[in-house]
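A.B. asks: Following is a predicted model, sequence given first.
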Amino acid sequence: MTNYSIKTITENYKMTAFGVTLEDYNDWAGNAAKTAAKKAEITENGKLAELLALADGQEYQINHAVDRKAWRGFGVMGEFNVEGAVVLDFLAGDYLVVPGSGADKDRLADEITGNVFGGMLEEITAYKYVGPGNATFVRAVENGEYYGEMWLRVKMVEA
């Protein structure tokens, strides 16, 4: 089983991001293509850099529900008024924190997400994922290696 920890966030917080609505959540290839196209667009037009400059410089890959539809995007911690961006609410509570590391920065967030939703959540029987969203960050550590974490709000399962 992948290693994880539980961290308590005591106050609600917000994230500001650009993203895409995923019409068919089971269309993995199509959703990956839409997400990659959005990332390329906001990188090329400078919108992601604008957000990073307003915040602490840490980029997050975010999965959330927007207008009751699955949504994936890229953004920062905090609430910022940037044209075209959405502000997402994350709730206080216990968060499952799943770490990962590797040499491919662009794939690490997806690898961690795949581990979590590809079976790890089913193995962790003391907690259940309650959302409303989750976020993953990746940062350089040293020697071409990267470290990342996925944070998901969970509740302890009553015994």
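C.D. replies: Thanks, I have the structure now.
A.B. asks: the strands in this structure, which residues?
C.D. replies: Under the criterion DSSP state E, the chain contains strands at 5-9, 13-21, 60-66, 69-77, 86-90, 93-102, 127-140, 146-156.
A.B. asks: Mind checking those strands for the one nearest to Ala32?
C.D. replies: Evaluated over those, closeness to Ala32 peaks at strand 69-77, with 9.3 Å, by Cβ to Cβ. Glycine gets a C-beta too; all of them are placed from N, C-alpha and C.
A.B. asks: partner residues bridging Ala135?
C.D. replies: Ile62, Trp151 (DSSP bridges).
A.B. asks: and it, how many residues sit next to it?
C.D. replies: 23 (other Cβ atoms under 10 Å).
A.B. asks: Just send the strands of the chain back as JSON lines, with mean pLDDT and distance to Glu50 too.
C.D. replies: Shown next, in JSON lines, are the strands of the chain (pLDDT from 0 to 100; distance: least, Cβ to Cβ, whole Å):
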{"stretch": "strand 5-9", "mean pLDDT": "97", "distance to Glu50": "26"}
{"stretch": "strand 13-21", "mean pLDDT": "97", "distance to Glu50": "10"}
{"stretch": "strand 60-66", "mean pLDDT": "94", "distance to Glu50": "15"}
{"stretch": "strand 69-77", "mean pLDDT": "95", "distance to Glu50": "10"}
{"stretch": "strand 86-90", "mean pLDDT": "97", "distance to Glu50": "15"}
{"stretch": "strand 93-102", "mean pLDDT": "96", "distance to Glu50": "27"}
{"stretch": "strand 127-140", "mean pLDDT": "94", "distance to Glu50": "18"}
{"stretch": "strand 146-156", "mean pLDDT": "97", "distance to Glu50": "23"}
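A.B. asks: Before I go, just wanted to say thanks for your time.
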